[in-house]
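Enquirer: Model the structure of this input:
(one chain, ligands or ions: 1)
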Amino acid sequence: MKKINKGAKAAILNNNGLQQNLNDIIQNRITGTQPKLEHSKHYYRGDKHNHNHVIYKLLELYNKKCAFCEKEYNNLDVDHYRPKDAVFEDNRHSGYFWIGYEWSNLLPVCKSCNQDYKKTQFPLKKTGKRLKFSTSWSQNDFKKVEFTNLDNINKLEKPLLLNPEEKDFNPKKHIKFNRDGIPTGLSVRGSETIRICGLDNSTLNKHRKEKFDEILVTSLLIFYRNHDLYNDERLKDELLILFQKIKSNFNEEYSLFWKTSVSDLQHFIFDNPLFNLKSDHRLTKLIKEVCLELKL
Ligand SMILES: [Zn+2]
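Expert: Reported below is the predicted structural model:
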């Protein structure tokens with residue numbers, strides 16, 4: 001996961017038709033005339049063009065990556081962070097239907113995270129209070145910032161599922177990965193997010209490890225085997241190129257995996273029997289210098 005500053009909403013969400021649709025849904029819930037009106041059937045008024053407009057904007061913001069697992073895709077679901085039709089943890093909850101078109105509630109999410117794992121799960125901390133629609137709500141209540149804005153609702157509810165768009169989001173405090181690509185929670189929210197979205201599923205773990213081996217282990221091994229051919233200056237230049245390449249992955253697929261692995265990079269190299277580097281080896285000194293220079 002990676003902190004995202006969302007900025008202006010997809011323009012289509014200001015569309016009168018969508019607003020009318022939302023008002024109809026709200027009215028139906030208040031009067032109870034059609035309490036089971038399916039939001040999804042009316043979502044974007046069934047207009048593929050509207051849906052595409054939203055997903056393109058989300059893909060751009062998230063660099064084509066799933067908001068939770070960070071795997072790259074050309075197509076992702078427009079997922080509702082707070083589920084719009086039902087809540088798994090509370091079968092009497094009608095879902096957060098009033099934020100069905102709220103920009104801060106829409107995330108680009110892959111089919112695995114969304115449809116295989118997350119579904120309608122939205123657990124809260126024990127100290128959180130779940131926001132529930134009441135028939136006493138007026139049309140204006142549905143637009144209140146404390147009922148619609150991500151950070152405002154979070155203060156009340158204390159959700160366990162992390163959201164890349166929440167204020168002061170720092171994923172490194174919540175999830176770390178080992179060199180085999182397997183995530184571990186560093187906080188209750190981190191562990192819950194891994195569980196809810198299946199971030200430790202074998203396909204993802206395997207893919208992360210393959211990427212890590214392909215870019216880091218292979219490159220370093222080639223480098224290590226040939227290091228005697230170079231003087232210190234040349235070696236340092238080569239190391240800088242290699243470590244810059246590693247750092248460039250911070251914006252790519254699995255950025256959190258790369259960041260948490262790289263913070264342990266020196267440890268990984270020096271403790272690895274493949275490299276057999278003693279503390280007085282000239283490569284040891286140069287790697288430390290380069291890591292310091294690149295703030296790795
Ligand atoms: Zn995903």
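Enquirer: Where does pLDDT dip in the chain?
Expert: Scanning the chain for pLDDT under 70 picks out the ranges 33-48, 263-264, 266-268.
Enquirer: ok, which residues in it are in contact with the ion?
Expert: By the rule Cβ under 5 Å from the ion, the part of the chain lying against the ion is 66, 68, 69, 110, 113. Placement of C-beta: from N, CA and C, glycine included.
Enquirer: Could you rerun that using 6 Å?
Expert: 66, 68, 69, 71, 109, 110, 112, 113 (Cβ under 6 Å from the ion).
Enquirer: The third one contacts residue 200, doesn't it?
Expert: Meaning residue 69. No. Here residue 69 does not reach residue 200: they are 10.0 Å apart, not a contact under Cβ atoms under 8 Å.
Enquirer: Looking at these two, which has the bigger crowd around it?
Expert: residue 69 (28 against 17; other Cβ atoms under 10 Å).
Enquirer: any idea what sits nearest residue 289, other than its immediate chain neighbours?
Expert: Spatial nearest neighbour of residue 289, excluding adjacent residues (Cβ to Cβ, 6 or more residues apart in numbering): residue 236 at 6.8 Å.
Enquirer: May I see the buried residues of the helix or strand hosting that neighbour?
Expert: For residue 236, the host element (DSSP states H and E) is helix 232-248. Neighbour counts over helix 232-248 (16 or more other Cβ atoms under 10 Å) mark 235, 236, 238, 239, 242, 243, 246 as buried.
Enquirer: residues contacting the fifth one?
Expert: It refers to residue 242. 219, 220, 223 (Cβ atoms under 8 Å, 6 or more residues apart in numbering).
Enquirer: Okay, and the last one sits in which element?
Expert: If you go by DSSP H and E, residue 223 is part of helix 218-226.
Enquirer: and for that helix, what are the contacting residues?
Expert: The list of residues contacting helix 218-226 from outside it, by Cβ under 8 Å, 6+ apart, reads 238, 239, 242, 245, 269, 274, 275, 283.
Enquirer: my guess is the first one meets residue 231, correct?
Expert: No. Contact criterion Cβ under 8 Å: residue 238 and residue 231 do not qualify, at 10.9 Å.
Enquirer: which neighbours do these two share?
Expert: In contact with both residue 238 and residue 231: no residue, using Cβ under 8 Å, 6+ apart.
Enquirer: A strand includes residue 107, no?
Expert: Yes. In this structure, residue 107 lies within a strand as judged by DSSP: H, G, I helix; E, B strand; the rest coil.
Enquirer: Touching, it and residue 59? I think so.
Expert: No. Under the criterion of Cβ under 8 Å, residue 107 makes no contact with residue 59, lying 11.3 Å away.
Enquirer: Neighbour count: those two, which is higher?
Expert: A side-by-side neighbour count of residue 107 and residue 59, using other Cβ under 10 Å, places residue 107 first with 24 against 17.
Enquirer: Report the contact partners of the more buried one.
Expert: Counting by Cβ under 8 Å, 6+ apart, residue 107 makes contact with 58, 62, 67, 68, 78, 79, 80, 81, 163, 164, 165.
Enquirer: Just give the closest residue to the second one, not the sequence neighbours.
Expert: In this case it means residue 62. Residue 62 sits nearest to residue 108 (Cβ to Cβ, 6+ apart), 5.0 Å away.
Enquirer: Now, the contacts of residue 107 that are in strands?
Expert: Of those, the ones assigned to strands by DSSP state E are 78, 79, 80.
Enquirer: Who does the last one form a beta bridge with?
Expert: This points to residue 80. residue 106 (DSSP bridges).
Enquirer: what about it, how many residues close to it?
Expert: 26.
Enquirer: In this structure it contacts residue 101, no?
Expert: No. Using Cβ under 8 Å, residue 80 is not in contact with residue 101; the gap is 9.7 Å.
Enquirer: can you map out the helices along this protein?
Expert: With helices called from DSSP state H, the chain shows them at 16-31, 39-42, 48-61, 111, 145-148, 150-157, 188-197, 202-212, 218-226, 232-248, 255-262, 265-270, 282-293.
Enquirer: Great, nothing more from me.
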